[in-house]
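Chemist: Sequence and predicted structure are below.
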Amino acid sequence: MNNDILKTLYSQQQIQKRCQQLGHTLDKVYRGKRPLVIGVLKGAVIFMTDIIRNMDTYMQMDFIDVSSYNGGTKSSGHVKLQKDIDTSVKGRNVLFIEDIIDTGRTLDFLQKLLRGRGAKSIRICTLFDKPAGRLVDVKPNWVGFKVPNEFVVGYGMDYEGYYRNLPYVGILKPKIYENK
Ligand SMILES: O=P(O)(O)OC[C@H]1O[C@H](OP(=O)(O)OP(=O)(O)O)[C@H](O)[C@@H]1O
Ligand code: HPA
Ligand SMILES: [Mg+2]
């Protein structure tokens, strides 16, 4: 897999350090609020498991599965709900955990969905933010790192389902996805 990466953007060590910092910040914010922490499948799984272990806060977790890239490098423009959460969000403090916000479509869809179900508060923590990709106005409350307007993989982020298990994040060589 390493051979397919053009450039490393953030190392495993940098990511782990940032997870600790963000976890401690969220710990202070959510202490006593019993949040429902929702991971957005599949990309957020790796970050979710790292961040919550840096929080000494009573919380519950759930997962929602939406997809719009279908494994490729371009958003289809249509966010499809593949699997819903099992928990009621009415009156709950919801914290979304995401791997990346790019066009903003995924989180725009999810915020609207849970607002309609009566969540008390909805906040977003994303490890990566690609502001130059934004097509819909979504503002995360906490961001780990910014990434340039390139297709990035690793630490949960995929191309055709691969590379999620890379412990670091890098730019994928365009030759991997060109002529597809
Ligand atoms: O801001 P956006 O343009 O909506 O892009 C961000 C979303 O796209 C990716 O998910 P994807 O739909 O590829 O599903 P996956 O998490 O299963 O890879 C990523 O994990 C985010 O959830
Ligand atoms: O740059 C990206 N890489 C992987 N998945 C993504 N989903 C949105 N943007 C990206
Ligand atoms: Mg995702």
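Modeler: Cool, the structure landed. Ligands and ions are numbered 1, 2, ... in the order given.
Chemist: Going by C-alpha atoms from here, please, whenever you check contacts or count neighbours.
Modeler: OK.
Chemist: Give me the neighbour count for the residue of the chain found nearest ligand 2.
Modeler: Proximity to ligand 2, evaluated over the chain using Cα to the nearest ligand atom, is greatest for Phe151 at 3.7 Å. Using other Cα atoms under 10 Å, Phe151 has 20 other residues around it.
Chemist: so who does it touch?
Modeler: Residues near Phe151 by Cα atoms under 8 Å, 6 or more residues apart in numbering: 73, 171-172.
Chemist: Identify the residue nearest Arg105 in space, chain neighbours excluded?
Modeler: Excluding the flanking residues, the one nearest Arg105 by Cα to Cα, 6 or more residues apart in numbering is Val136, at 6.0 Å.
Chemist: which bits of this structure sit near ligand 1?
Modeler: Listed as neighbours of ligand 1 in the chain under the rule Cα under 6 Å from any ligand atom: 41-43, 67-69, 71, 75, 99-106, 158.
Chemist: what are the ranges of the strands in this structure?
Modeler: Using DSSP state E, the strands assigned to the chain run over residues 5-10, 36-41, 60-67, 80-83, 93-101, 121-129, 142-146, 152-153, 169-172.
Chemist: Redo those strands as JSON lines? Include mean neighbour count.
Modeler: Output for the strands of the chain, formatted as JSON lines (neighbours: other Cα atoms under 10 Å):
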{"stretch": "strand 5-10", "mean neighbour count": "16"}
{"stretch": "strand 36-41", "mean neighbour count": "22"}
{"stretch": "strand 60-67", "mean neighbour count": "17"}
{"stretch": "strand 80-83", "mean neighbour count": "13"}
{"stretch": "strand 93-101", "mean neighbour count": "24"}
{"stretch": "strand 121-129", "mean neighbour count": "21"}
{"stretch": "strand 142-146", "mean neighbour count": "17"}
{"stretch": "strand 152-153", "mean neighbour count": "24"}
{"stretch": "strand 169-172", "mean neighbour count": "23"}
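Chemist: Nearest approach to Arg18 belongs to which of those strands?
Modeler: Arg18 sits nearest to strand 142-146 of all those, at 6.3 Å, using Cα to Cα.
Chemist: So which residues lie in contact with that closest one, not counting its own?
Modeler: Residues from elsewhere that reach strand 142-146 (Cα under 8 Å, 6+ apart): 18-19, 22, 124-131.
Chemist: Identify the single longest helix in this protein, thanks.
Modeler: Taking DSSP state H as the criterion, the chain has its longest helix at helix 12-30.
Chemist: buried sites along that helix?
Modeler: The neighbour-count check on helix 12-30 (16 or more other Cα atoms under 10 Å) flags 15-16, 18-20, 22-24, 26-27, 30 as buried.
Chemist: What parts of this protein come near ligand 2?
Modeler: Within reach of ligand 2 by Cα under 6 Å from any ligand atom, the chain has these residues: 102, 151-153, 157-158.
Chemist: what's around the residue nearest to Arg105, how many residues?
Modeler: 13.
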